[in-house]
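*Asks:* Next come a sequence and a model predicted from it.
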Amino acid sequence: MKYKITAPKSPIYTSIKLPASKSISNRALILKALSNSPFPIENLSDCDDTKVMLEVFNSKTNTFDIGAAGTSMRFLTAYLSKIPGEWIITGSERMQQRPINTLVEALNTLGAHIEYLKNQGFPPLKIRGSALDGGDIFLSGGISSQFISALLMIAPTMEKGLTLHLEGDVISIPYIKLTLRMMEKFGVKCDWVDNVIKIFPNEYKPIPYLVESDWSAASYWYSIAALSNDAKIELKGLFQESGQGDSKVAELFQDLGVETEFKEDGVILTKTDRIAKKLFHNFINEPDLAQTFVVVCCMMGVPFLFTGLQTLKIKETDRIEALKAEMKKLGYVITDSHNSILEWDGERCEPEQTPVIATYEDHRMAMAFAPAALKLDNLTIAEPMVVTKSYPYFWEDLSKAGFSVDK
Ligand SMILES: O=C(O)C1=C[C@@H](OP(=O)(O)O)[C@@H](O)[C@H](O)C1
Ligand SMILES: C=C(OP(=O)(O)O)C(=O)O
């Protein structure tokens, strides 16, 4: 399937109820299980990545396919390793290429019994669950913060607790802080000093939990505001004091002519004429925003130098290659270097007449490119339903804002 996207000619004045954060939803489900909480999680995401978590928690079998959900794969591997029984966990073809050895080795050192069923270092996994000893563990902080979050959440249940020594540069730090912040809400406080995080054995406290809207999803609406001639967009369920690192999007878009007004129950985006001549940013803490900024900067004619992109190669697709290939279809030559830098110095090439943007089973490719319709007469997105990984109603919301979304 393909969607042809046509932007409205009139100004974009709309109010959008964003989806709930999948990062928060998936942590909340693990913490609810670990605290044996009878309380509800309000505003739980209904995206694919959260649905698969619910399926596992409600399942009567011992074999789980978590599809393309990175957080679910990593959080559940840790969680199941301490639940008595034998568990098999697998995922999509891409998930079977996303590394998990750092987490598996750490868990096995802490007393777990996890084996690889196909390729060493990758899902599928066979997990024989049992109580974990815990203790000291040394772990690279540079591959995925999800390994660290996964270990942290189960740490209070380990006999000796956990002392996590993070080695090398630590990536995606806001996601680790989000985990610690949510654990604290559920009654477990941790110390993080220099590169050591220490968690004592403890019991989680059951609490009701309200999930915030998703700041990563908000980024596509910031793009729409930036690329439109005139816009006033209300995004509901976002808070200034968010645990989500991607709330940084509000500050970053100030340089692309979008101002954010924080209200009690959300934000209002309006346009300014303050647009940077070139954008520089290190995305090490906000990797999920990179695609949004590559597309919006090119479409606004703002050259950029983006660093800290080393984790993009092991996400839903190799996002560095995907961005270069699809921007080229639109006539923009982007260069990469050191597996971690993307740069656009303004160089153009002949665009395709009727570009079809491939999405590579990556929700963020579809959502980052859709706003480009505001600058192009012809934009088609292939396999548009990939958005359900994090934002099931993205296309409905786009229609609500006045875009035509045609099969
Ligand atoms: O913990 C989380 O909820 C996430 C952490 C990040 O992954 P990495 O830590 O692998 O960069 C991010 O890209 C992902 O979408 C969600
Ligand atoms: C990288 C992402 O997700 P995950 O790693 O959880 O699959 C994402 O949503 O951009």
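*Replies:* Good, I have the coordinates. Numbers count the residues shown, from 1 in each chain. Ligands and ions are numbered 1, 2, ... in the order given.
*Asks:* tell me the contacts of the residue positioned nearest the centre of the chain?
*Replies:* Nearest residue to the geometric centre of the chain (Cα atoms, centre = their mean): Asp288, 5.3 Å. Residues counted as contacts of Asp288 (Cβ atoms under 8 Å, 6 or more residues apart in numbering) are Ser216, Ser219, Asp246, Arg364. From N, CA and C alone the C-beta is placed, and that goes for glycine too.
*Asks:* just Glu326 next, same as before
*Replies:* Taking Cβ under 8 Å, 6+ apart, we find Glu326 in contact with Ile357, Ala358, Met365, Phe369.
*Asks:* any chance of those in a markdown table, with distance to ligand 1, secondary structure and pLDDT too?
*Replies:* Output for those, formatted as a markdown table (distance: Cβ to the nearest ligand atom, whole Å; DSSP: H, G, I helix; E, B strand; the rest coil; pLDDT from 0 to 100):
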| residue | distance to ligand 1 | secondary structure | pLDDT |
| --- | --- | --- | --- |
| Ile357 | 20 | strand | 98 |
| Ala358 | 20 | coil | 98 |
| Met365 | 14 | helix | 98 |
| Phe369 | 18 | helix | 98 |
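*Asks:* could I get the residues you listed as CSV with neighbour count?
*Replies:* Below are those laid out as CSV (neighbours: other Cβ atoms under 10 Å):
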residue, neighbour count
Ile357, 27
Ala358, 18
Met365, 26
Phe369, 30
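*Asks:* farthest-separated two in those residues?
*Replies:* Spanning the widest gap among these are Ala358 and Phe369, at 9.7 Å by Cβ to Cβ.
*Asks:* Can you give me the neighbour number for the residue of the stretch 301-407 of the chain found nearest ligand 2?
*Replies:* For the stretch 301-407 of the chain and ligand 2, the shortest gap (Cβ to the nearest ligand atom) falls at Lys315, measuring 4.1 Å. Here the number of neighbours of Lys315 (other Cβ atoms under 10 Å) works out to 22.
*Asks:* Ok, the one 5 residues further on next?
*Replies:* A total of 22 residues lie near Ile320 under the criterion other Cβ under 10 Å.
*Asks:* Flag every buried residue along the helix or strand hosting it.
*Replies:* According to DSSP states H and E, Ile320 maps onto helix 319-329. Going by neighbour count (16 or more other Cβ atoms under 10 Å), the buried part of helix 319-329 is Arg319, Ile320, Ala322, Leu323, Lys324, Glu326, Met327, Lys328, Lys329.
*Asks:* The first one and Arg364 touch, don't they?
*Replies:* Spelled out, it's Arg319. Yes - the criterion here is Cβ atoms under 8 Å, and Arg319 meets it with Arg364 at 7.5 Å.
*Asks:* residues shared between the contacts of those two?
*Replies:* Any residue near both Arg319 and Arg364 by Cβ under 8 Å, 6+ apart counts here, and that gives Gln291.
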